[in-house]
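Student: quick check, what structure comes out for this input:
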Amino acid sequence: MAVSLNAASEIYRQALQDNVKRFALLYAGEGVLLGVVGLLAIIYSFATSSGLAVPLGWLLIVIAALQAAILLGMRSLPHAGFQLISALITLLIGFLLLRDPQQARQTIILLAVVFLMLQGVSRLTFGLSIRPFPGWQWVMGSGVLGILLSLVLVGSLPDPANWLVGLLVGIELIGEGTALALLAWPGRKAAGTKA
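Tutor: So this is what the prediction gives:
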């Protein structure tokens, strides 16, 4: 029996929406933790003018570990493979930053651009995939924010300030965390009414 493209899209969208409801608390927890890590990135970027590679590397590793742990609980999600690729790339970028903290500044900036762009595209895709679920606009908006921040960083080349890199990564993390928490809130209420 053949299924039309529209019917397949609706089945996929419904599966995503059901999983957002099912894992609302995990999304909310990830959102809060991302917000905290983003705030730390901003504070640290203004507290020091040098040595951005090591703290940024550790922050990215923490983020990747958070995303991987949450994805383990949500293995059944239709988009889990795409999210896992995003987490693995974030982890790789974090390790590259820690491997040689004295590496060229331009490499660190390029990795930050890649991180911002990947996170933005990942969230934009996820937001569009779950619409019209309540809060999908926030997730899509955080994706657009990540893409715009990567473009701001590209526009500041060839020599952006260290604090700017940390600030933009922090803003991205806070935006992503806020979007996930706002996505989880209606999902949590919907899951609670079914129980």
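Student: packing partners for the lengthiest helix in the chain?
Tutor: The longest helix of the chain (DSSP state H) is helix 162-194. Helix 162-194 sits against helix 5-22, helix 24-47, helix 53-73, helix 105-130, helix 136-155, with contacts defined as 3 or more CB pairs under 8 Å, 6 or more residues apart in numbering; DSSP states H and E. Any C-beta I mention is one placed from the backbone N, CA and C, and that applies to glycine too.
Student: OK, contacts around G31?
Tutor: 176-184 (CB atoms under 8 Å, 6 or more residues apart in numbering).
Student: give me that answer again for 10 Å
Tutor: 138, 142, 174, 176-185 (CB atoms under 10 Å, 6 or more residues apart in numbering).
Student: same question for S122.
Tutor: 67, 79, 82-83, 85-87, 89-90, 139, 142-143, 146, 176.
Student: please redo it, this time with the cut-off set to 6 Å
Tutor: Each residue near S122 by CB atoms under 6 Å, 6 or more residues apart in numbering is listed here: S86.
Student: now it: how far from P158?
Tutor: Taking CB to CB, to the nearest Å as the criterion, S122 is separated from P158 by 27 Å.
Student: now flag whichever of the contacts of G31 is closest to L71.
Tutor: Lowest distance from L71 to the contacts of G31 (CB to CB) belongs to L180, with 13.0 Å.
Student: what's the pLDDT at that closest one?
Tutor: Among the per-residue scores, L180 shows a pLDDT of 84.
Student: was I right about it contacting G29?
Tutor: No. Using CB atoms under 6 Å, L180 is not in contact with G29; the gap is 9.0 Å.
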